[in-house]
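**Student:** next come a sequence and a model predicted from it.
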Amino acid sequence: MKQEKSVWMHIGSGSFHRAHQAWYLHRLIKQGDDSWYIALGNIRNDANALLNQLAKQHGEYVLETVSPEGDREYETITSIKKILPWDEKLSSLVLQGSDVNTKVIAFTVTEAGYYLTPEHQLDLSQADIQADLKGSASTIYGALEKILTARVEAHGKPVTLLNCDNLRHNGERFRAGFLAFLKQKGNNSLEQWVEKNTTSPNTMVDRITPRPTADIAERVKAATGIDDKVPVMGESFIQWVIEDDFINGRPALEKVDVEMVKSVLPWEEAKIRILNASHSCIAWAGTLIGLNYIDEGTHNKAIHKMAFDYVTENVIPCLTPSPLDLAKYRDVVLQRFGNPYIKDTNQRVAADGLSKIPGMITPTLIESYQKKITPEATALLPALFFVYFQKWAQGKLPYTYQDGVLDEVNHKKMMLASDALTQFVSSETLFATLANSADFHQLMKKAVDKVNTWVNANS
């Protein structure tokens, strides 16, 4: 009797999943282990065109990778065997998620998609959360409630719920948010089932994946002869660290260089603070002086120094001791950012600053003060965002700023006020306990003055 294949259902059909997790499972299939495949869908209707095109291509597409030296490689990814078309009821996701062969439900919804407060609690004031509590399914919580309710009714087999985002402690914080959502909704039976029949391993994911542009398709056609309408591009560097806590089996990911560990904490902290925060620093700074791409900003001496000093003076002392060589990691990260062939846009990396400051930057500010270090280098990052955000409020950014928690009316009002900086720094959502620190307010005033002086001299 032929054994049924196991299904890895992935929610979130963006470029990152297709350049990262799908690539790892594709490598496993290439090694001869085809016991798992991916079923791919989306919670919202903003990826319908992509999903429709992927369906026409039977889930296959070409991944172009490029090294800092400009070496390009092309590979047809074959791990996505099933496309789950979108409808308002999420019918395909519910059907697939309740299938007994679906043993992992993974998702990339970005940091803002978890709707958490600075204290990492579910933010019940968010309109999307309120809508889902009333029966909608526009967030990961509302979608999973529908999916897992159907799963319990069908057979009740356990399933692993796996984050693939840059949220710190992503598994445990997602899990707390989801259980809080179910409790708030009064769905006690599903809440109890989730506690006993699911696990949520923490993970760390890494590969720079810019938004695809038309010239990728042209290069793919020239190099491979394949007329791919939905190719993706990524840097040659890739990493995936996962806590080995799967409740109903998993692919043999260790055979394709996924690091299966007991705790992802050291890797996670290094990546979020050194890579993600520096990335945003370069994007905000580059935008302010008229640059378009991350590699341009990385090769600008002043911007490179801002990122380098931030890591060296504040992050490394906060994260020491570490099993990683943090200085080496810093240098590798900046080399990756300087890759002139990736053409990652400042617009993409600058997005979601209102979530990135509390998640990626504020912990280093707080811990520096605890270590009796004045975090002058780190303060420049939120100062860059403040000046950047003021440009947004004034309508002076060269592109549309995208942020999952942006309240356009109130944020614009705040950033155009005469005491904008005081309001900004006084936000406990952004800066936690530092919002009430006179020393921090003074530090931020100096940092913003420094940024404005630099911007005026270079733009």
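**Tutor:** Sure, I can see it. These figures come from a predicted structure and were not determined experimentally.
**Student:** helices along the stretch 101-250 of the chain, start to end?
**Tutor:** Remark: helices of the stretch 101-250 of the chain, listed N- to C-terminal, are 127-133, 140-154, 170-185, 188-197, 214-224; assignment by DSSP state H, counting those that start in this stretch.
**Student:** let's have those in a markdown table, adding mean neighbour count, mean pLDDT and distance to T364.
**Tutor:** Placement of C-beta: from N, CA and C, glycine included. As requested, these are arranged in a markdown table below (neighbours: other C-beta atoms under 10 Å; pLDDT from 0 to 100; distance: least, C-beta to C-beta, whole Å):
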| stretch | mean neighbour count | mean pLDDT | distance to T364 |
| --- | --- | --- | --- |
| helix 127-133 | 16 | 96 | 29 |
| helix 140-154 | 21 | 98 | 27 |
| helix 170-185 | 20 | 97 | 18 |
| helix 188-197 | 14 | 98 | 33 |
| helix 214-224 | 14 | 95 | 35 |
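**Student:** would you mind putting those helices into a markdown table with distance to T345 alongside?
**Tutor:** Listed next are the helices of the stretch 101-250 of the chain as a markdown table, based on distance: least, C-beta to C-beta, whole Å:
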| stretch | distance to T345 |
| --- | --- |
| helix 127-133 | 26 |
| helix 140-154 | 26 |
| helix 170-185 | 25 |
| helix 188-197 | 38 |
| helix 214-224 | 13 |
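**Student:** indicate which one of the ones you listed is closest to W23.
**Tutor:** Between W23 and those, the tightest spacing by C-beta to C-beta is seen for helix 214-224, at 15.4 Å.
**Student:** quick one: mean pLDDT over whichever strand or helix holds V62.
**Tutor:** V62 is part of strand 61-66 when elements are defined by DSSP states H and E. Confidence over strand 61-66, taken as the mean pLDDT, stands at 97.
**Student:** partner strands of it, with direction?
**Tutor:** strand 72-77 (antiparallel), strand 232-235 (parallel) (DSSP bridges).
**Student:** hey, which of those strands is tucked in deepest?
**Tutor:** strand 232-235 (a mean of 24; mean count of other C-beta atoms under 10 Å).
**Student:** look up how far Y141 lies from D132.
**Tutor:** Distance check for D132 against Y141: by C-beta to C-beta, to the nearest Å, it reads 6 Å.
**Student:** identify the contacts common to these two.
**Tutor:** Shared contacts of D132 and Y141, defined by C-beta atoms under 8 Å, 6 or more residues apart in numbering, are found at F181.
**Student:** so what's L63 bridging to?
**Tutor:** The bridge-partner assignment for L63, based on DSSP bridges, gives E75, V232.
**Student:** my read: it touches E235, true?
**Tutor:** No: between L63 and E235 no contact is recorded; they are 11.2 Å apart, counting by C-beta atoms under 8 Å.
**Student:** now the element after the lowest-mean-pLDDT helix or strand in the chain, going C-ward?
**Tutor:** Comparing helices and strands within the chain by mean pLDDT, DSSP states H and E singles out helix 265-270 as the least confident, with a mean of 92. Next along the chain after helix 265-270, taking DSSP H and E as the criterion, comes helix 277-288.
**Student:** show me where this structure dips below the pLDDT cut-off.
**Tutor:** 1-2 (pLDDT under 70).
**Student:** ok, now how distant is the residue lying closest to H279 once chain neighbours are set aside from S280?
**Tutor:** The shortest distance from H279 to any residue other than its chain neighbours is 5.2 Å, reached at V349 (C-beta to C-beta, 6 or more residues apart in numbering). Note on V349: its distance to S280, by C-beta to C-beta, is 6 Å.
**Student:** domains in the protein, by residue range?
**Tutor:** Listed domain ranges for the chain are 6-261, 265-458 (source: automatic domain parsing).
**Student:** now stretch 227-239, how far from the chain's geometric center?
**Tutor:** Relative to the mean C-alpha coordinate of its chain, stretch 227-239 is positioned 17 Å out (C-alpha atoms, centre = their mean, to the nearest Å).
**Student:** contacts for that stretch?
**Tutor:** Counting by C-beta under 8 Å, 6+ apart, the neighbours of stretch 227-239 from elsewhere in the structure are 15, 18-20, 23, 50, 53-54, 56-57, 61-68, 71, 73, 204-210, 212, 216-217, 220-221, 259, 267, 332, 336, 339, 342.
**Student:** related to what we said a few turns ago, S91 is nearest to which of the strands paired with strand 61-66?
**Tutor:** Among these, the nearest to S91 by C-beta to C-beta is strand 72-77 (25.9 Å).
**Student:** now what about the closest one, what contacts it?
**Tutor:** With contacts defined as C-beta under 8 Å, 6+ apart, strand 72-77 is touched by 18, 22-23, 26, 60-66, 219-220, 223-224, 226, 236, 341.
**Student:** just the buried ones from those, in ChimeraX syntax?
**Tutor:** Buried residues within these, by 16 or more other C-beta atoms under 10 Å, are selected in ChimeraX with:
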select :18,22,23,26,60,61,62,63,64,65,66,219,220,236,341
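**Student:** quick one: the closest residue to L324 other than its chain neighbours and G14, what's the gap?
**Tutor:** On the basis of C-beta to C-beta, 6+ apart, the spatially nearest residue to L324 that is not a chain neighbour turns out to be A270, at 5.2 Å. Separation of A270 from G14 (C-beta to C-beta): 24 Å.
**Student:** ok, I361 next?
**Tutor:** According to C-beta to C-beta, I361 stands 24 Å off from G14.
**Student:** now swap in S280 and tell me
**Tutor:** Distance from S280 to G14, counting by C-beta to C-beta: 18 Å.
**Student:** more neighbours, the two?
**Tutor:** A count of neighbours by other C-beta atoms under 10 Å puts S280 above the other of S280 and G14, at 26 against 17.
**Student:** the more buried one touches P382, doesn't it?
**Tutor:** No: no contact is recorded between S280 and P382 when judged using C-beta under 8 Å, the distance being 10.0 Å.
**Student:** find residues that contact each of these two.
**Tutor:** By C-beta under 8 Å, 6+ apart, S280 and P382 have these common neighbours: I361.
**Student:** and the closest residue to K56 other than its chain neighbours, how many neighbours?
**Tutor:** Spatially, and ignoring its direct neighbours in sequence, K56 is nearest to K229 (7.8 Å; C-beta to C-beta, 6+ apart). Using other C-beta under 10 Å, the number of residues around K229 comes to 14.
**Student:** likewise for V405?
**Tutor:** The tally of other residues near V405 (other C-beta under 10 Å) stands at 17.
**Student:** that one belongs to a helix?
**Tutor:** No: following the definition DSSP: H, G, I helix; E, B strand; the rest coil, V405 is coil and is not counted among the residues of a helix.
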